[in-house]
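*Asks:* Here's my sequence, what's the structure:
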Amino acid sequence: MDQTDDLEAFFKRFAMAYTRLDVDGVSDLFCLPFFTLINGEKTNWPKLEELYHTTCILFDWYKQQGFYDARYSIVSMLKLSRDLATARLRWRVILNDGSPWEYCTSYQLKRIDGEWRLAGVIQFEEKMHPQQDPAQLAHPLKRAEKALRHLIDIPEQIEIQLNDVVLAEPSVDRYLG
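*Replies:* Here you go, the predicted model:
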């Protein structure tokens, strides 16, 4: 087995859920604590309820934008240790009007009980060609944050021990009461 075969298999599973905008499917792949780094602002997500709610809002917004047919290519993968890895994917999403979103996202992963889980997502912008319209190609997370910031309950920021890892539970119904 290639040293990254298990990561590639993980991202195939992740991409299937992400392409369907399946909140439960994607949330099942999270571990806690989880973090996002969007527009240079880091948010720690110590509770699944807040992260799940934000993912629902984000995916609903993606649907409103006409998001479909998300495809990815692996830009890079690196196993930092047996249980820690990082990967950078290039995404191309076609919107209902035929226009593309093309962006890269970095993922931080932890292996827990033999399975890879998402521990963090980093959004970043790449340099664009002079002919590209920055408004059209802005990273979806950057556009979403601008549109949705008032709807998302950002958790109170506290220091989180990186060794304290909890799997996101497959059913979050009990959290959403």
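
*Asks:* hey, where'd the strands end up in this protein?
*Replies:* Secondary structure of the chain by DSSP state E: the strands cover 30-38, 41-45, 68-79, 84-94, 100-112, 115-123, 166-167.

*Asks:* mind putting the ones you listed in TSV, mean neighbour count included?
*Replies:* C-beta here means a position set from N, CA and C on the backbone, and glycine is covered the same way. Shown next, in TSV, are the strands of the chain (neighbours: other C-beta atoms under 10 Å):
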stretch	mean neighbour count
strand 30-38	19
strand 41-45	16
strand 68-79	14
strand 84-94	17
strand 100-112	18
strand 115-123	19
strand 166-167	15
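
*Asks:* Tell me the spacing between Val23 and Trp45.
*Replies:* 14 Å (C-beta to C-beta, to the nearest Å).

*Asks:* typo on my end, it should be Thr86
*Replies:* 18 Å.

*Asks:* Can you pull out the low-pLDDT segments for the protein?
*Replies:* For the chain, applying pLDDT under 70 flags the ranges 1-2, 125-177.

*Asks:* what packs against the longest helix seen in it?
*Replies:* Counting residues, the longest helix found in the chain (DSSP state H) is helix 48-64. Applying 3 or more C-beta pairs under 8 Å, 6 or more residues apart in numbering; DSSP states H and E, one finds that helix 48-64 makes contact with helix 23-27, strand 30-38, helix 140-148, helix 173-176.

*Asks:* Surely Met16 is in contact with Val26?
*Replies:* No - look at Met16 against Val26 with C-beta atoms under 8 Å: they stay out of range, at 9.8 Å.

*Asks:* which of these two has more neighbours?
*Replies:* Val26 (21 against 13; other C-beta atoms under 10 Å).

*Asks:* excluding its backbone neighbours, what's nearest that one?
*Replies:* In space, and not counting its chain neighbours, Val26 is closest to Ala17: 4.7 Å by C-beta to C-beta, 6 or more residues apart in numbering.

*Asks:* Settle this for me: that neighbour is touching Phe30, isn't it.
*Replies:* No - assessed by C-beta under 8 Å, Ala17 is found out of contact with Phe30, at 11.1 Å.

*Asks:* Tell me what the residue nearest to Leu89 when sequence neighbours are not counted is bridged to.
*Replies:* Take Leu89 and drop its neighbours on the chain: the residue closest to it by C-beta to C-beta, 6+ apart is Tyr72, 4.6 Å away. Bridge pairing for Tyr72 (DSSP bridges) gives the partners Trp91.
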